[in-house]
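Return atomic coordinates for the entry below.
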Amino acid sequence: MHFAIIGAGMAGLACADALIDAGHSAKLFDKGRGPGGRMSTRQMQSPLGEVAIDHGAQYFTARDPAFRRTVEGWSADGVIMPWPELSEEAWVGVPGMNAIIGHMAALQVVQWGVQITGIAREADRWWLSSEGGTLGPFDAVMLAIPAEQAAGLLSLHDFAMARIALMARSQPCWTSLFVFDAPLAKIPPVIRDASPVAWAVRNNAKPGRSGPEAWVVQANADWSGAHLEQSPHDVSPLLLLALAQVAGCTIPEPVAAMSHRWRFALSAGTGDGALWNHDIALGVCGDWLLGPRIESAWLSGTLLADHAIGASAAVTDLVPPAHSATFPKGHMDSRKLL
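This is a model prediction of the structure:
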């Protein structure tokens, strides 16, 4: 079968990995300019030169046995390192968090800079709409995007899945990046849950990092929601002041600063794992179906692929090989919530 996967983040790439391993083909489409998404590393210009700063997810943990095996492979390939100063379970991508996504994407067929605006099913095949035209055909479509974005694409094809996506509201997060010309010696390298700061870290102190003093400051959901529509220019000084207040010391003016609004940063998870409609070969995966962790995104993508692989194998047993890419209606329950 030939799968289209919309979204080339952790969930989409994990789904593609499992599908390829099972002998299927997959093509991924992502609106981003390159690997990263919510695991991105920003190249920030400053008077001290270009500085790479993680401005999305800061680290990850691995508890599921299958995910731990995958993490061991990443470690052997040199794209991650442990962060024992934070915890015994913490890992980071090197030289940035986006290295993990870049490593996974290098093994797949990914089209960057393509925003999918619609999906349509005709004669048991799927077609995708984008600003550049129509893409397809595909035997199945997997959505590996935030719930708010998935809901619109699902609404014309599976109302039950669209309703789950509509109910899974994500929390926002304002993130500010600061570069200084000298170390902030009086501040610990990590500050957590000191309202309104959810997380602040000295980026250059993380494993595999170098460069000048650089800080990431992420606001909590309440503060981010209250300031959601403010401009990045206005948010940067507010979060710099918040950092000084929670650290209890004066902070000098940074030599460079910028802020980014993550509208869909965190989701509590619906508990569904992944969604799959066998009758029309349409699936959904993402951390919002499990919980706000990188591991959850990987598990969700793998779960969706496993279900689709099982369904396609069942179809192959029932129809001649020449038609094994079709989905005879009524063969299975129309929807499986994993």
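
So residue 296, which state does it fall into?
helix (DSSP: H, G, I helix; E, B strand; the rest coil).

How confident was the prediction at it?
Confidence at residue 296, expressed as pLDDT, is 96.

so residue 153 sits right up against residue 29, yeah?
No: the pair residue 153 / residue 29 is not scored as a contact, 11.9 Å apart, by CB atoms under 8 Å. The C-beta positions use only the backbone N, C-alpha and C, and glycine is treated the same way.

What residues sit buried inside stretch 256-268?
Buried residues in stretch 256-268, counted by 16 or more other CB atoms under 10 Å: 256-262, 264-267.

Which ones among these map onto helices?
The helices, defined by DSSP state H, take in nothing from the buried residues of stretch 256-268.

I'd like the residues you listed as CSV, with pLDDT and distance to residue 141 appended.
Shown next, in CSV, are the buried residues of stretch 256-268 (pLDDT from 0 to 100; distance: CB to CB, whole Å):
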residue, pLDDT, distance to residue 141
256, 98, 41
257, 97, 40
258, 97, 35
259, 97, 34
260, 96, 29
261, 96, 29
262, 94, 25
264, 87, 20
265, 88, 25
266, 84, 26
267, 83, 21
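
Can you check which residues contact both of residue 153 and residue 29?
Taking CB atoms under 8 Å, 6 or more residues apart in numbering as the contact rule, residue 153 and residue 29 both touch 6, 116.

Closest to residue 186 out of the buried residues of stretch 256-268?
When the buried residues of stretch 256-268 are ranked by distance to residue 186 (CB to CB), residue 257 comes first, at 19.4 Å.

who does that closest one bridge with?
On the basis of DSSP bridges, residue 257 takes part in beta bridges with residue 178.

Read off the pLDDT value for residue 325.
At residue 325, the model reports a pLDDT of 27.

What ranges does this structure have for its helices?
Using DSSP H, helices in the chain cover 10-21, 65-77, 98-105, 147-154, 159-167, 221-226, 232-247, 294-318.

neighbours around residue 220, how many?
Neighbourhood size, residue 220 [other CB atoms under 10 Å]: 19.

hang on, I meant residue 192
13.

If we ignore the residues flanking it in sequence, what's nearest it?
residue 199 (5.7 Å; CB to CB, 6 or more residues apart in numbering).

measure that neighbour to residue 173 for me?
From residue 199 across to residue 173, the span is 9 Å (CB to CB, to the nearest Å).

ditto for residue 151
Relative to residue 173, and taking CB to CB, residue 151 is found at 20 Å.

the more surrounded of these two?
residue 173 (23 against 20).

before we move on, the earlier item: quick check: which of the helices of the chain is buried the most?
Among these, the stretch with the highest mean neighbour count (mean count of other CB atoms under 10 Å) is helix 10-21, at a mean of 25.

any idea how far that helix is from the chain center?
Distance of helix 10-21 from its chain centroid, counting by CA atoms, centre = their mean, to the nearest Å, is 13 Å.

Restricting to C-alpha, output it in PDB.
Taking C-alpha atoms only, helix 10-21 is exported to PDB below (Å, rounded to 0.1, in the frame of the first residue of the first chain):
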ATOM      1  CA  MET A  10       7.900  12.500  15.700                       C
ATOM      2  CA  ALA A  11       4.400  10.800  15.300                       C
ATOM      3  CA  GLY A  12       4.400  10.900  11.500                       C
ATOM      4  CA  LEU A  13       8.000   9.700  11.100                       C
ATOM      5  CA  ALA A  14       7.400   6.900  13.600                       C
ATOM      6  CA  CYS A  15       4.300   5.800  11.600                       C
ATOM      7  CA  ALA A  16       6.300   5.900   8.400                       C
ATOM      8  CA  ASP A  17       9.100   3.800   9.900                       C
ATOM      9  CA  ALA A  18       6.800   1.100  10.900                       C
ATOM     10  CA  LEU A  19       4.900   1.100   7.600                       C
ATOM     11  CA  ILE A  20       8.200   0.900   5.600                       C
ATOM     12  CA  ASP A  21       9.500  -1.900   7.800                       C
END
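
Looking at it now, give me its mean pLDDT.
The pLDDT scores in helix 10-21 average 98.

cool, stretch 67-86 as well?
For stretch 67-86, mean pLDDT rounds to 97.

Name the nearest residue to residue 22, ignoring sequence neighbours.
Per CB to CB, 6+ apart, closest to residue 22 is residue 309, 4.6 Å.

Ok, residue 221 next?
residue 171 (3.9 Å).

about what we covered before: are there residues contacting both of residue 199 and residue 173? Which ones?
Shared contacts of residue 199 and residue 173, defined by CB under 8 Å, 6+ apart, comprise residue 218.

Test my guess that residue 277 contacts residue 304.
No: counting by CB under 8 Å, residue 277 stays clear of residue 304, with 11.1 Å between them.
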